[in-house]
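Engineer: What would the 3D arrangement of this be:
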Amino acid sequence: MNRPPTLFDKDEHTVRNGTTRRAFLLAAGLTAACLSSPIPAPALAASGSSGVATAAAPLREYTQQKLHWKPCDAKSPRALRCATLKVPLDYSDPGGRKISLSISRLKATSTTERRGVLLLNPGGPGAPGLQLPAELQFPAEVKRQYDLIGFDPRGAGQSSPVSCGLTAEEQADHPYKAETFTKDVEWARTVAEKCRAKAGDLLPYLITRNSARDMDVIRAVLGEKKISYLGYSYGTYLGAVYMQLFPGRADRFVLDSATDPTRIYRGTFQDMAKGAEQAFTRWAGWTARRDRTYGLGDTPAEVRATYWKLIARADREPITFDGQALTGDDIRADNSTFFHVEAGAERIAALKKAAENGTPAPTPSGTSGTSGTTSTTGTTATSGTSGTSDQAEAPDDNYASIAWSIMCADTRTWSHDPERYRREAIRDKARYPLYGDFASAITPCAFWPRGSEPQTTIDNTVGALITQNEWDPQTPLFAGRAMHHALRGSRMLTVTGGEGHGVLYVPGGNSCADKAGTLYLTTGRLPAEDVTCRATADPA
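Structural biologist: Take a look at the predicted model:
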C-alpha cells in the first residue's frame, strides 16, 4: 500500500525509484553556500499569558499566522486535518525568502483534560510525518490530553520539497570495492554537483537546527507556551537539538531509539555497522538451535558459513527472489534482515531455497523480500502520498536530496579526502564484514561545502525519557546510552531482549514500555532512576 512513512514498517526505508541503503539516515543532496551567523537561540521570545511568541521583532509575521485547517487528503482519516504555514528559509534573514511547512492535527478528545500539543517525528532525516498522528497506536489517555501534531520537515514531503534531479542509480549506495572506488568517487562528486546546480539556493538551510526553529514557530502559531514531543531514530536528535536551543519550551520529551549525538553522522553509520554485526552474531546462534526448522546449520559457525556462501553465490550469479535479481551486495545492504531473528531466519532460508532451485521463491511472512528498496533508516519514505491539496507532490528524489542535505550540512566533521574514506572502508570491512564497507564508503558529503552552522553540542539538564530496545542494530543500545549521558536530566528505559527499531506505540510493541511512556506523557513524572522492561517474548 502506498502510504506515508511509519517507523515500524519492515521496509525500513523505501524511496520510490531507488534507494540509498546507507545506515539509518541516507540519500543524496548538496549545499552550495554557507549561512550567515544564526540568530541566537532561543530565536523566538514568548511573552504574555498565551505564550505566543511576540516579536521581539523579526519573527512576528510568522508566529502570528492564522491556520486554516482542512482535510489532508481523501485517504486520511476524517478527523486528521492539515494546514500550511510559512517560515523563513534563513532564520538570520527572516525578512527574506519564505518556505511552506505542512502540518497535521488530531485534536485532543477531551476539552477538560487537554494539556497541549504533542509533536511527532518519524526519523530520517527528512522523512515526512503528516500521517503519524493517525498511524501510531496511542492509548486513550494520551489522546485525551494532547492535540497530536504531525509535520513534514522543511524540504521534505509536502513542505517545500527539494529535488536535486537525481536518477534512481544516483540515489543508490555503493559499498567500497577497490576495483570500483574511482567510479564511486565520481558518483559522490556528481551527486554533490547536481544538487549544487539544481537546489543550491535551498540546501544550505535544510539543517536540523532550522527544523528545530520551525518546531518553535509551530508552537507559537498553535498558541502554546511549551510543546511535548515524541521522536524516533533521527527524530531523537531533532528533539535533542530543540531541547538545546529552547530548553524553557520543552515540556515532556520522549526520544525513542536514540542516536549518539556526538557521532552525527559518519560515526552513526559506523556504529550501525557494529550494531549489525552484533545482531548477525545473535541471529546465527538463535538459528543454529533451530536447524531442523531452517536447515541453515546446527552451529553458529555453520549458519554464518551458509550465509556467506549464499552471498558469494549471489555475487557470481544473482538470485531471483520476489521478482528481483539480487546480488550479494543487495542482500547485505538490507541489514534490516536481522532486526528480528525469526524473520531473518525465514528470509535467509527462502533465499537459500531460491538459489538452489533457480526459480523465484515466495517472500516469507514479515520480511521485505526486495532489494534496492530497503535501507536502514528506521522509517519508510514515500513521495507525494499525503498532505494538503494545495501542495505539490514531492519529486521522486526528494528523500535522497533532503537526507544528504541534512547529513552533510549538520556537521563539519566530514572529510574531503577520498583516500580517508578508502582507508576507513577497508578497516571497517575487516571489523564488520556484514555492513562495514557500506557504512564507511565515500559519500557526497566528501564534496559538500562547509556546513552552514557548527554542529549542535547536546549538553543540558532538560527532563526527557529515552526508550531503547536491547537489540536494535539501527540505533544500538550503546548509542542510546550516549544520548542519555548527554541529556543529564533524562531517564532511560531499556527493553531487555527487545528486537527491532522502535519501542513505543508500534505494532507488536512492549506493553511495559508503553505504560511507562504513557505515565510520563500524562503525568510528567519521570522514573526516579533508569528502568528496565522485559521483552514480551524474547525469541533468543
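
Engineer: Okay, Arg209 and Ser92: tell me how far apart.
Structural biologist: Applying CB to CB, to the nearest Å, the value for Arg209 to Ser92 is 11 Å. Quick note: C-beta positions are derived from backbone N, CA and C, even for glycine.

Engineer: Kindly report the same for Thr522.
Structural biologist: Between Thr522 and Ser92 the computed distance is 38 Å (CB to CB).

Engineer: Over to Ile466?
Structural biologist: 32 Å.

Engineer: Among the two, which residue is more densely surrounded?
Structural biologist: Shown here are Ile466 and Ser92; by other CB atoms under 10 Å, Ile466 has more neighbours (24 against 16).

Engineer: and that one, what is it in contact with?
Structural biologist: 236, 254-256, 258, 480, 483-484, 487, 490-493 (CB atoms under 8 Å, 6 or more residues apart in numbering).

Engineer: Mind doing that once more with 7 Å?
Structural biologist: 255, 258, 480, 483-484, 490, 492-493 (CB atoms under 7 Å, 6 or more residues apart in numbering).

Engineer: Which members of those are the farthest-apart pair?
Structural biologist: Longest distance between any two of these is 12.6 Å, between Met483 and Leu493; criterion CB to CB.

Engineer: just the strands in this structure please.
Structural biologist: 70-71, 81-88, 98-106, 116-121, 146-151, 227-232, 250-256, 319-321, 324-326, 464-471, 490-499, 531-534 (DSSP state E).

Engineer: Reformat these as TSV; add distance to Ile406.
Structural biologist: Shown next, in TSV, are the strands of the chain (distance: least, CB to CB, whole Å):
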stretch	distance to Ile406
strand 70-71	29
strand 81-88	16
strand 98-106	15
strand 116-121	13
strand 146-151	15
strand 227-232	14
strand 250-256	18
strand 319-321	33
strand 324-326	29
strand 464-471	22
strand 490-499	23
strand 531-534	32
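
Engineer: between those, which one is nearest to Glu419?
Structural biologist: For Glu419, the closest of those is strand 324-326, at 31.3 Å, according to CB to CB.

Engineer: Can you give me the buried ones in the closest one?
Structural biologist: Neighbour counts over strand 324-326 (16 or more other CB atoms under 10 Å) mark Leu326 as buried.

Engineer: who does it pair up with?
Structural biologist: strand 319-321 (antiparallel) (DSSP bridges).

Engineer: Give me the distance from the strand it pairs with to the chain's centre.
Structural biologist: Offset of strand 319-321 from its chain centre (CA atoms, centre = their mean, to the nearest Å): 29 Å.

Engineer: ok, now stretch 444-451?
Structural biologist: Centre-to-centre, stretch 444-451 and its host chain are 21 Å apart (CA atoms, centre = their mean).

Engineer: any idea of the mean pLDDT for stretch 309-329?
Structural biologist: Averaged across stretch 309-329, the pLDDT comes to 95.

Engineer: okay, how far is it across it, tip to tip?
Structural biologist: When the termini of stretch 309-329 are compared using CA to CA, to the nearest Å, they are 13 Å apart.

Engineer: Stretch 195-215 too?
Structural biologist: Here the two ends of stretch 195-215 are set 26 Å apart, with distance taken as CA to CA.

Engineer: now stretch 407-426
Structural biologist: Stretch 407-426 has an end-to-end distance of 22 Å (CA to CA).

Engineer: Show me what counts as buried in that stretch.
Structural biologist: Quick answer for stretch 407-426 (16+ other CB under 10 Å): 407-411, 414, 418, 421-422, 424-425.

Engineer: Now find how far off-centre that stretch is within its chain.
Structural biologist: 20 Å.

Engineer: Show me the contact partners of that stretch.
Structural biologist: For stretch 407-426, the surrounding residues in contact (CB under 7 Å, 6+ apart) are 25, 31, 125, 176, 181, 185, 203-204, 207-208, 264-266, 437, 440-442, 444-446, 448, 450-452, 454-455.

Engineer: now, which of the residues you listed lie within helices?
Structural biologist: Cross-referencing the contacts of stretch 407-426 against helices under DSSP state H gives 181, 185, 208, 266, 437.

Engineer: Of the residues you listed, which is the nearest to Trp308?
Structural biologist: Trp308 lies nearest to Asp437 out of the ones in helices among the contacts of stretch 407-426, by CB to CB, at 13.9 Å.
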